[in-house]
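Enquirer: need a structure here:
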Amino acid sequence: MKVIFIINLLISVIFTICYAYQFFYLVVALFKKQKKFVAKTEHKYAFVIPARDESIVVGELVLSALAQNYPSEKIGVYVIADNCTDNTAEAARKAGATVYERNDNLKVGKGFALDWFFETASDKLNEEDYDGFIILDADNVLDKDYLLEMNKVFDNGYDIVTSYRNSKNYGTNWVSAGNALYFLRDAKYMNYPRMLLNTPCAVTGTGFLISKKIVETEGGWRCHLLSEDTEFTVSEVLKGVKIGYANDAVFYDEQPTELKQSFIQRMRWVRGYYQILAKYGGTLLKRTFKGSFACFDMFMSVAPAILMMVIGLIFNIFALIFAAVIRSPEMPGVLFSLGFTLFNVYWIFFFMGGVTAITERKRIYTSRAKKILYVFTFPLYMLTYLPIAFVAMVKDVKWVPTSHRVVKDVDSIKKDE
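Expert: Now for the predicted structure:
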């Protein structure tokens, strides 16, 4: 029993030391004033939208991109109809996008689609002379001032800019709310304080801008691991590139509503983190010990805290089984240790979700009752990462498309309260 207590205490101490800086981020986000940027130039941008069998939702995104509060002659919208078996290309063209159709069953995934697009469309992109490219998923929809706000940060010297990720279907159930609250917290209490403290922000899947210079320097899109967005972030941070965050550039995306679908999606993300650790972890640690806080921050972002919890949980379960087999009189103590560990984890996530739900309540579009309820279910959602993190270590995970069916414009989303 004493050994179990010591190991659990050791894991808790390591966890606290490693992630204490994120509590500092929380304080910064709550009390430090937001930076106000002013753009001197209205740059020219292309929205780039990889889409696989997204005929239901892609049109709404294209329309919201073309309806930006920004000069229309400085906006281009391109859809990559990637290995589609439906009428995604037709739906995107009808909404006003320029469509490139790709068929490649060997190089599957968003990263490969982006790389193919930048090579295939290079003549067209050079002719239009875009200053930057905004990467979006087909299920996204944009606030009218999205591009205006992104331009303000981009014009102030940031070669990569990410934005505020909100949800189209927060209030559907505890699964969609869990995913949405996670991304709201990531925007408000990770990227926002990073921006305030002048340390690189992190790209999270969709809703980000990359400069023409980045595309030319990289020779397209060269990140093809399962979490290509995080790989891109880490790669660029290691090169010293400035990654900014536009807090007032808001977009909405659809969250999974079924636990199985959410499992599959998050398993790919976690497996991608493991791949990134294997590829970049050593370099990040070396730079960390040389005094790079940005590399420490990125290392902690791709070293899932949940993995530490998995290790602790596995140890406690084995201890429980062993105590049961030998009929140890310390069985109640082992059960107490396991329960206490899970209890502590629950309340950490409850605090994170609660603070986020309170401060971002005006940006969460669902009823007040659901806003409160889903703070209590958020820790349960996060605890489902335990089996995900374990399975992702032992299973061969591959990229699979996520089905999207929620069609809403921004006005409809904001009426969901």
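Enquirer: okay, helices next: where are they in the stretch 201-350 of the chain?
Expert: Taking DSSP state H, counting those that start in this stretch as the test, the helices found in the stretch 201-350 of the chain are 212-218, 228-238, 259-289, 293-302, 305-325, 331-359.
Enquirer: pick the most deeply packed of those.
Expert: helix 228-238 (a mean of 23; mean count of other C-beta atoms under 10 Å). (Each C-beta comes from the backbone N, C-alpha and C, glycine too.)
Enquirer: so what secondary structure elements neighbour that one?
Expert: Applying 3 or more C-beta pairs under 8 Å, 6 or more residues apart in numbering; DSSP states H and E, we find helix 228-238 packed against strand 243-253, helix 259-289, helix 293-302.
Enquirer: any chance you could list what contacts it?
Expert: Contacts to helix 228-238, defined as C-beta atoms under 8 Å, 6 or more residues apart in numbering, come from residues 109-111, 160, 200, 202-206, 208, 214, 221-225, 243, 269, 272-273, 275-276, 279-280, 283-284, 287, 294-295, 298, 301-302.
Enquirer: excluding chain neighbours, what is closest to G96?
Expert: L66 (5.2 Å; C-beta to C-beta, 6 or more residues apart in numbering).
Enquirer: swap in W221?
Expert: Leaving out its chain neighbours, the residue that sits closest to W221 by C-beta to C-beta, 6+ apart is L114, at 3.9 Å.
Enquirer: lowest-pLDDT helix or strand in this protein?
Expert: helix 305-325 (a mean of 69; mean pLDDT, DSSP states H and E).
Enquirer: quick revisit: my read is that the residue nearest to G96 contacts G76, right?
Expert: No. Shown here, L66 and G76 do not form a contact pair, counting by C-beta atoms under 8 Å, at 9.7 Å.
Enquirer: center of the chain, which residue is that?
Expert: Centroid-nearest residue in the chain, with C-alpha atoms, centre = their mean: T204, separated by 3.0 Å.
Enquirer: correct me, but that one touches R185?
Expert: No. The pair T204 and R185 fails to qualify as a contact (C-beta under 8 Å) at a distance of 11.1 Å.
Enquirer: from I317, how far off is L386?
Expert: L386 is 11 Å from I317, where distance means C-beta to C-beta, to the nearest Å.
Enquirer: so where's the stretch 201-350 of the chain uncertain?
Expert: 304-313, 316, 320, 322-323, 327-331, 333-334, 337-338 (pLDDT under 70).
Enquirer: go with 80
Expert: Low-confidence regions of the stretch 201-350 of the chain, defined here as pLDDT under 80, cover residues 303-342, 344.
Enquirer: same thing with the stretch 1-150 of the chain?
Expert: Judged against pLDDT under 80, the low-scoring parts of the stretch 1-150 of the chain cover residues 1-18.
Enquirer: tell me the helices and strands packed up against the strand or helix carrying Y19.
Expert: For Y19, the host element (DSSP states H and E) is helix 2-31. Under the contact criterion of 3+ C-beta pairs under 8 Å, 6+ apart, helix 2-31 touches helix 192-196, helix 293-302, helix 305-325, helix 331-359.
Enquirer: go again using 7 Å as the cut-off
Expert: With contacts taken as 3 or more C-beta pairs under 7 Å, 6 or more residues apart in numbering; DSSP states H and E, helix 2-31 sits against helix 192-196, helix 305-325, helix 331-359.
Enquirer: pLDDT of the shortest one, averaged?
Expert: Right, the one you point to is helix 192-196. Averaged over helix 192-196, pLDDT sits at 97.
Enquirer: okay then, goodbye and thanks.
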